[in-house]
Every structure is written in C-alpha cells, then in structure tokens.
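# I'll drop the sequence and a predicted model, then ask my questions.
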Amino acid sequence: MNIDFIDEMNQVTEDELKLLRDLLNYAADMEEVNSEAEISITFVNNEQIQSINRDYRQKDTATDVISFAMQETGEEELQIVGDNLPEHLGDIIVSLEKAKEQAKEYNHSYQRELGFLIVHGFLHLLGYDHQTVEEEKEMFERQEHILEEFGLKRDA
C-alpha cells in the first residue's frame, strides 16, 4: 500500500513512521486491500483538528482522529473514475496532542495509542463505522484483533 505521511508537527520519529507503515500494511493484508491502494496520514495538533472537526463535522471540539473516505460520494459530489487511476482510499488526520493525552489516560504507550488511532481511521476508510451498537462492536473487535495480532497490545 502507498502511504503518504504528512507531519505538520515535525514530531513523529522515523521509528514511529516505520511502525505505523508496517501496521497499516498488516491491516491492509488482513482486510484484503489492493496492494496499490493509496492513503494519506496527516499529523496535526488539537487546534488544527478542532478546526477540521468544526468545518466538516459541525463539532467545535478537538478530537483524536478524523477520516475522509474517498470511496464514498455524498450529495453533489462527483465520482472520480478512470481506468488507470490508483485506488485512493482517503485521508486520516490524527491529533498528536490527543494521542499523547489518551496514552496517558489509558495507561498505555504513545505508540499503542497512535497505532489504535491509525487502525481506527483506516477501518473507517474501508467502510466500518460505529453508529449503532452492532457496528461499534464489529469495528472495535476488528481493530483490537488487528492490533493484538500485530503485537501492539494494550499494555505495550
């Protein structure tokens, strides 16, 4: 899978990027995603993600992760089609500040929290959701399974 990392905070280390790239490729294999698929991951602060959350979701609060799936088309959106276009799954935006706060709150490593948020966002790009109790159960079980199998356990 082709992954474009954009670190607007200049805080993510090469080791963390490698971990996240390996984790995403592992999750993509488990979900049988096309190996040529593309995604972008942008790392921001709480202020930036709050602005995005307010503008796109009408929720004026900082959040941990937001996903924009390219495979979904909403009202008045044009579907991009073509024979030789790569499959772009979408964009994931992660607040590094929230990741650090939540790692401390949940008493696990920062790397585990980053991995959790990345897998959560990735599953959203693939169509998983948590609007109902059943959807939430399926999505959270899947993300825990991916993280556990990869080796990013809660106490890691």
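Yes, it's here.

# okay, CA-based contacts and neighbour counts for the rest of this
Will do.

# what ranges does the protein have for its strands?
2-7, 38-44, 65-69, 88-95 (DSSP state E).

# any idea which of those is most buried?
strand 88-95 (a mean of 22; mean count of other CA atoms under 10 Å).

# against which helices or strands is it packed?
On a contact count with 3 or more CA pairs under 8 Å, 6 or more residues apart in numbering; DSSP states H and E, strand 88-95 meets strand 38-44, helix 46-57, strand 65-69, helix 110-125.

# nearest to residue 140, out of the strands of the chain?
For residue 140, the closest of these is strand 65-69, at 14.6 Å, according to CA to CA.

# and the angle from the closest one to strand 38-44?
Angle, strand 65-69 to strand 38-44, by axes from the mean of the first three to the mean of the last three CA atoms, to 10 degrees: 150 degrees.

# what's the angle from strand 65-69 to helix 110-125?
Using the same axes, to 10 degrees: strand 65-69 against helix 110-125 is 30 degrees.

# renumber starting at 617 from here on
Understood, numbering begins at 617; the last thing we discussed is strand 681-685.

# would you mind writing the CA trace of strand 681-685 as PDB?
The C-alpha trace of strand 681-685 is given here as PDB (Å, rounded to 0.1, in the frame of the first residue of the first chain):
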ATOM      1  CA  VAL A 681      -8.800  11.100  14.600                       C
ATOM      2  CA  ILE A 682     -10.900  12.100  11.600                       C
ATOM      3  CA  SER A 683     -11.100  10.000   8.400                       C
ATOM      4  CA  PHE A 684     -12.200  11.200   4.900                       C
ATOM      5  CA  ALA A 685     -13.100   8.200   2.800                       C
END
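
# partner strands of that strand, with direction?
strand 704-711 (antiparallel) (DSSP bridges).

# restricting to C-alpha, output the strand it pairs with in CSV.
Output of strand 704-711 as CSV, limited to C-alpha atoms (Å, rounded to 0.1, in the frame of the first residue of the first chain):
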residue,chain,number,x,y,z
HIS,A,704,-7.2,6.3,-3.2
LEU,A,705,-8.9,5.1,0.0
GLY,A,706,-8.8,8.5,1.6
ASP,A,707,-7.2,10.6,4.3
ILE,A,708,-6.7,10.1,8.0
ILE,A,709,-5.9,13.1,10.3
VAL,A,710,-4.5,12.4,13.8
SER,A,711,-4.0,14.9,16.6
